[in-house]
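Asks: Whatever this is, show me its structure:
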Amino acid sequence: MAEKMRRSRREFLIDVGMVATGVAASATLAGCSHGDDCNCGNGENPPTGGADSNCPPAQSNTGGTPTTGGATGTGAGPGSGGTGGTSIPEQTGGSPLGGAGGTSGSEPTGGTSTGGTESGSTGGTSTGGAETGGTGGTATGGAGTGGEANCPECPPPTECATPATLPTEWAREVDVVVLGTGFAGLAAAIAAAAAGAQVLVLEKMSEAEEGGNSIISGNMWWTPTSVEGGVTYITALCMGLTDDQYIQTLAQEMYGLNDWLATLGVTPSPFGIFEPEYPELPGSASVRTWANTGGGGLWQPLRNAVSSRDVDIMYETPAVNLIQDPTTREIKGVVARNDGQDINIKCRRALILACGGFEFDHALQAQYLPAWPVFCQGTPGNTGDGLRMAQKAGAALWHMNNALAHVGCFVSDPADPNSIPISLSLPNGCILVDKSGSRFMNEKREERHGFGHKEHLFFFDGLKQSFSRIPCFGVFDDTTRRAGRLAGGLSGWFGRHGTYTWSADNSAEVASGWIRQGQTLDALAAAIGVDPAALNATVAGYNEFCAAGQDQDFARPASTLQAVATAPYYAIPIYPLMYNTQGGPRRNERCQVIDPSGEPIPRLYSAGELGSGWGWMYNGGGNASEAVVTGRLAGANAAEEGPWA
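Replies: Reported below is the predicted structural model:
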């Protein structure tokens, strides 16, 4: 039986999907300058390279006659093949990486390739896809530096053992690096430190803005009365989108959560809200919600616990890239940006991603959410940093389409993802109309952390090529305008860090143009760009329902039916408002980030909303519970890793 051929470093990287676009540790694929294989006839492999050569060609050679890289190179996997070999820049939002002129997809054929722009060489082995796409055939040596005439001396195997891509200098060296200071990051730091690890926390925001979404959340959580009940309920909530073993572990750890919190000075007391949020589902009777009556909500005791331990926090230091060994795939450090400089931080044991979702990146929203744009009341630091780093390391993704969004908010500049959302409270004398001027839902419909509303808002009209309800418009008359403000102060993160007082009779917002005005419905329709006849018909029909005391279109409660009848008329554009995204890198029950084949990426963990296990429906308090639980698991398991050096 023939001996199995040892794969080159490049072939290994192709197999695991680590194209050279953006992976910090694989910008150079080998530790020597003599090609990808580095076997050089040392007994493990036949020699490779130019025609009749005894050594692989040097990388990035130039000169000589261009060579043909092989007619039928096979692409390495989904999105990495194509024709040519032209380098594709880093993509935002998950677009496939296809070769120039080629068709990306599952196992594409590389086609005839000349050289290979990024990693090919004249007279060497060509690669036919996007940087590391298809594997070309053996090239014919040319007259330049890559052929037989200039074949360099083959190095011994030891010269290629350590890739040159790992930094030679480190600004900091610790056992465990944690990204983020929300519930998940703090719990991870506490658990890792308790296990004896030296821990460093990196926080993107300033010290005054730390805490992520956690610090501005309701700071309540839920636990099941039994593990079995918790498993049943969580399974129903997730609709088959979350792994059984993950759910089992989550329920088990949530069941004992209050005991652990008590050791940190938290006093769990029954809260009663969202108990449960989905009573129709099996297992819902097991839900108990809690709040801390000991002071400081849930976040502050966790933060105090970190302060009492030997844990360093570096503020205004966002992680920008993971440092990954291109041979073993281990995460060995992180590139962070501090005071305008990129620094290398070594994590001897592991790194934990606990840096939130992608709410404030509209490009990522457009790739993954069912509709966009959706605005957020959480921290503007959540721009998908952890998601991108995990993708570059080869992570699988899950739950990317899940955002907890509802009606609704006003934003002054909908083109800016960082626009401050002002949460609206619609009075009885207000109806919602779409871009055609028609009602589309019961404006008083119950909302369960997004569901109840978002299935009506996230509607794409293919015939009009538009999300016809983003924005929708709240239409009301002068009686309602004078009756009271449509909004209070700012909410969420923006309410913690800023102020705005909405005028008592909405007149300031009318004067500023935030609220559109028309002396007639025709004039109002023109102001918001809808069909006048449709808007007139909608308002007339709704007023008839008010007179009759019955909404025959959407069964809105009779007690809320108030006519829109007193000129002038008004409309305010309303956008979906979300709490957070749930999607991100897929993790297993140990909170290890896994690749598309289910294998853990060595020394990489995640916790909290970044890759949350809540696959579809959500019970209030679940993110806080999961964040603390997964932070604890990730921290403890990361600390158990053996140091790599």
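Asks: Quick check: Val178 vs Gly333, distance?
Replies: Per CB to CB, to the nearest Å, Val178 is found 14 Å from Gly333. Using the backbone N, CA and C atoms, a C-beta is placed for each residue, glycine as well.
Asks: out of these two, which sits in the busier spot?
Replies: Neighbours were counted for Val178 and for Gly333 using other CB atoms under 10 Å; Val178 has more, 37 against 29.
Asks: can you give me how far stretch 394-410 is from the chain middle?
Replies: On the basis of CA atoms, centre = their mean, to the nearest Å, stretch 394-410 sits 8 Å off its chain's mean C-alpha point.
Asks: shared neighbours, Val178 and Gly333?
Replies: Any residue near both Val178 and Gly333 by CB atoms under 8 Å, 6 or more residues apart in numbering counts here, and that gives Leu351.
Asks: Against which helices or strands is whichever strand or helix holds Gly230 packed?
Replies: Per DSSP states H and E, Gly230 falls inside helix 227-238. Counting contacts by 3 or more CB pairs under 8 Å, 6 or more residues apart in numbering; DSSP states H and E, helix 227-238 packs against strand 221-224, helix 244-255.
Asks: Identify all contacting residues around the shortest one.
Replies: So the one you mean is strand 221-224. So strand 221-224 is contacted by 230, 233, 251, 254-255, 257-258, 274-275, 283, 286-290, 298, 619-622, 624-625, 628 (CB under 8 Å, 6+ apart).
Asks: Kindly report the same for stretch 193-202.
Replies: 172, 174-181, 185, 189, 192, 306, 309-314, 317-319, 334, 336, 345, 349, 635-636, 638-640.
Asks: mind redoing it with 7 Å?
Replies: 172, 174-179, 181, 185, 189, 192, 309-314, 317, 319, 336, 345, 349, 636, 639-640 (CB atoms under 7 Å, 6 or more residues apart in numbering).
Asks: do the same with stretch 414-422
Replies: 360-362, 373, 375-377, 380, 409-413, 487, 490, 494, 500, 575, 577.
Asks: Selection in ChimeraX covering whichever of those residues are buried, please.
Replies: Buried members of the contacts of stretch 414-422, defined by 16 or more other CB atoms under 10 Å, are picked up in ChimeraX with:
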select :360,361,362,373,375,376,377,380,409,410,411,487,490,494,575,577
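Asks: Show the buried residues in the contacts of stretch 193-202.
Replies: Buried among these (16+ other CB under 10 Å): 172, 174-179, 181, 185, 189, 192, 311, 313-314, 317, 319, 336, 345, 349, 636, 639.
Asks: I'd like to know which of those are part of strands.
Replies: Of the buried ones among the contacts of stretch 193-202, the ones assigned to strands by DSSP state E are 172, 174-179, 311, 313-314, 319, 336, 345, 349.
Asks: Name the nearest of the residues you listed relative to Trp614.
Replies: Leu179 (20.4 Å; CB to CB).
Asks: Give me the pLDDT value at that closest one.
Replies: What the model reports as pLDDT for Leu179 is 98.
Asks: which of the helices and strands packed on helix 227-238 is buried the deepest?
Replies: strand 221-224 (a mean of 26; mean count of other CB atoms under 10 Å).
Asks: Strand partners (parallel or antiparallel) of that one?
Replies: In the sheet, strand 221-224 lines up against strand 287-292 (antiparallel) (DSSP bridges).
Asks: Buried residues in the partner strand, which are they?
Replies: Along strand 287-292, these residues count as buried under the neighbour rule (16+ other CB under 10 Å): Val287, Arg288, Thr289, Trp290, Ala291, Asn292.
Asks: OK, contacts around the nearest residue to the fourth one once chain neighbours are set aside?
Replies: Taking CB to CB, 6 or more residues apart in numbering as the measure, Trp290 lies nearest to Pro268, with 4.5 Å between them; neighbours along the chain are not counted. Under the criterion of CB under 7 Å, 6+ apart, the contact partners of Pro268 comprise Asn258, Leu261, Ala262, Trp290, Asn292.
Asks: change it to 8 Å
Replies: Counting by CB under 8 Å, 6+ apart, Pro268 makes contact with Asn258, Leu261, Ala262, Trp290, Ala291, Asn292.
Asks: which two from these end up farthest apart in space?
Replies: So for the contacts of Pro268, where distance means CB to CB, the most widely separated pair is Ala262 and Ala291, at 13.8 Å.
Asks: Turn the contacts of Pro268 into a markdown table, including distance to Ala395 and pLDDT.
Replies: Putting the contacts of Pro268 into a markdown table (distance: CB to CB, whole Å; pLDDT from 0 to 100) gives the following:
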| residue | distance to Ala395 | pLDDT |
| --- | --- | --- |
| Asn258 | 32 | 98 |
| Leu261 | 30 | 98 |
| Ala262 | 34 | 97 |
| Trp290 | 32 | 98 |
| Ala291 | 34 | 98 |
| Asn292 | 33 | 97 |
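Asks: Do me a favour and get the end-to-end distance for stretch 582-590?
Replies: Distance between the boundary residues of stretch 582-590 (CA to CA, to the nearest Å) amounts to 18 Å.
Asks: ignore the last one, stretch 253-260
Replies: The first and final residues of stretch 253-260 sit 10 Å from each other (CA to CA).
Asks: neighbouring contacts of it?
Replies: Applying CB under 8 Å, 6+ apart, the contact partners of stretch 253-260 are 221-224, 226-227, 230, 266, 268, 290, 625-626, 628-629, 632-633.
Asks: Let me know the closest of those to Ile594.
Replies: Leu633 (14.3 Å).
Asks: what's the burial count for the closest one?
Replies: 23.
Asks: part of a helix, is it?
Replies: Yes - assessed by DSSP: H, G, I helix; E, B strand; the rest coil, Leu633 belongs to a helix.
Asks: Just give me the neighbour total for the residue nearest to it when sequence neighbours are not counted.
Replies: In space, Leu633 comes closest to Cys591 once its chain neighbours are excluded; the distance is 4.7 Å by CB to CB, 6+ apart. A total of 30 residues lie near Cys591 under the criterion other CB under 10 Å.
Asks: Tell me how far Cys591 lies from Phe358.
Replies: 19 Å.
Asks: Same question for Glu446.
Replies: 28 Å.
Asks: out of those two, which sits in the busier spot?
Replies: Relative neighbour count places Phe358 above the other of Glu446 and Phe358, with 29 against 8, counting by other CB under 10 Å.
Asks: ok, which stretches of the stretch 301-450 of the chain are helices?
Replies: Taking DSSP state H, counting those that start in this stretch, the helices of the stretch 301-450 of the chain run over residues 362-368, 385-392.
Asks: which residues sit against the last one?
Replies: Read it as helix 385-392. With contacts defined as CB under 8 Å, 6+ apart, helix 385-392 is touched by 18, 22-24, 94, 179-180, 204, 318-322, 324, 353-358, 364, 397, 583-585, 593, 604, 606, 610-611.
Asks: Now for Glu210: which residues touch it?
Replies: Shown in contact with Glu210 (CB under 8 Å, 6+ apart): Thr181, Glu203, Ile313, Tyr315.
Asks: rerun at 7 Å
Replies: Residues in contact with Glu210 (CB under 7 Å, 6+ apart) are Thr181, Glu203, Tyr315.
Asks: swap in Asp477?
Replies: The contact partners of Asp477, by CB under 7 Å, 6+ apart, come to Gly429, Val564, Ala565, Thr566, Tyr569.
Asks: try Lys435
Replies: Applying CB under 7 Å, 6+ apart to Lys435 gives the contacts Ser466, Ser468, Val530.
Asks: for Phe451, same thing?
Replies: For Phe451, the contact set (CB under 7 Å, 6+ apart) comprises Met617.
Asks: buried set for stretch 566-583?
Replies: 569-583.
Asks: now do stretch 340-359
Replies: Across stretch 340-359, burial judged by 16+ other CB under 10 Å covers 343-359.
Asks: wait, Glu277 sits on Gly620?
Replies: Yes - Glu277 sits in contact with Gly620 when judged by CB atoms under 7 Å, with a separation of 5.4 Å.
Asks: anything in contact with each of these two?
Replies: Joint contacts of Glu277 and Gly620 (CB under 7 Å, 6+ apart) are His449.
Asks: Ala403 versus Asn580, what's the distance?
Replies: Asn580 sits 7 Å away from Ala403, going by CB to CB.
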